[in-house]
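Undergrad: heads up, no residue letters with this:
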């Protein structure tokens, strides 16, 4: 049985939970704003990745502080939500996907808690299989489908990608593109958190549509947020009733 979980809110999902109380936690890596609420009898700690008012660009997100915060609250399961662009024409805006692997194209982020220790974390399963299975079942129950094993390529940002970069990422095997899954997923792995990614497709990537804009991302995110919220609530129910 699970009595507490963590949720990370991506772009357009800063107000994902309708009620709760906001607090600030001081961490060794800076302050973290979080919402504490109860869903289906389970305590939820919700951290908007970019801040409550979306003031932190992807390369300035406090990834270490956010992950350290969850560990300090004895959270085991963390569901991370993301807004992503589609690299595959069959994955259309409005769809929700479950991440399965990562290609990291970030450049200058602090990527580890172990700066001065020779520790090499295994990321064969960078997303927690146990939680991925829960999200698949939750998605099937809520949406009637589950698009899983999706590979995300993570870029530095804050700019969007060029059409040539998207063609390259497609050849490399990426399905969607985003700016925030790394180093977040690796940091969660280092602290032994069961972390999984639930992503909403907000647009086609550069070269697959005429242009890409932040406004489009936020507009679609608002429309899809109800689906994301529904899947998370269902996942909480499944986690709550999971046999030890």
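TA: Yep, that arrived. Keep in mind that this is a model prediction, so the values were computed, not measured.
Undergrad: Flag the shaky bits of this structure, pLDDT-wise.
TA: Within the chain, the ranges that satisfy pLDDT under 70 run 244.
Undergrad: Show me the strands in it, by range?
TA: Secondary structure of the chain (DSSP state E): strands at 4-9, 21-27, 30-39, 42-48, 77-86, 96-105, 147-155, 176-178, 194-204.
Undergrad: counting residues per helix, which one in this structure is longest?
TA: In the chain, assigned by DSSP state H, the helix with the most residues is helix 214-240.
Undergrad: Can you mark which positions in that one are buried?
TA: 216-218, 220-221, 224-225, 227-239 (16 or more other Cβ atoms under 10 Å). Any C-beta I mention is one placed from the backbone N, CA and C, and that applies to glycine too.
Undergrad: What residues sit buried inside stretch 56-64?
TA: 58, 61-64.
Undergrad: Residue 103 touches residue 150, doesn't it?
TA: No. Using Cβ atoms under 8 Å, residue 103 is not in contact with residue 150, being 11.7 Å away.
Undergrad: Just want to know which of the two has more residues nearby.
TA: For residue 103 versus residue 150, neighbours defined as other Cβ atoms under 10 Å are more numerous around residue 150 (21 against 16).
Undergrad: For the more buried one, which residues are in contact?
TA: Applying Cβ atoms under 8 Å, 6 or more residues apart in numbering, we find residue 150 in contact with 91, 97-100, 175-176, 199.
Undergrad: again with residue 217
TA: Taking Cβ under 8 Å, 6+ apart, we find residue 217 in contact with 11-12, 83, 202-203.
Undergrad: cool, residue 206 as well?
TA: 85, 160-163, 165-166, 212.
Undergrad: if you set the cut-off to 6 Å instead, what comes out?
TA: Contact analysis of residue 206 by Cβ atoms under 6 Å, 6 or more residues apart in numbering lists 160-163, 166, 212.
Undergrad: quick revisit: just the contacts of residue 150 now: which is nearest residue 115?
TA: Looking at these and their distance to residue 115, the nearest is residue 99, at 26.4 Å (Cβ to Cβ).
Undergrad: picking that back up, what about burial for the contacts of residue 217, which qualify?
TA: Among the contacts of residue 217, those that count as buried by neighbour count (16+ other Cβ under 10 Å) are 11-12, 83, 202-203.
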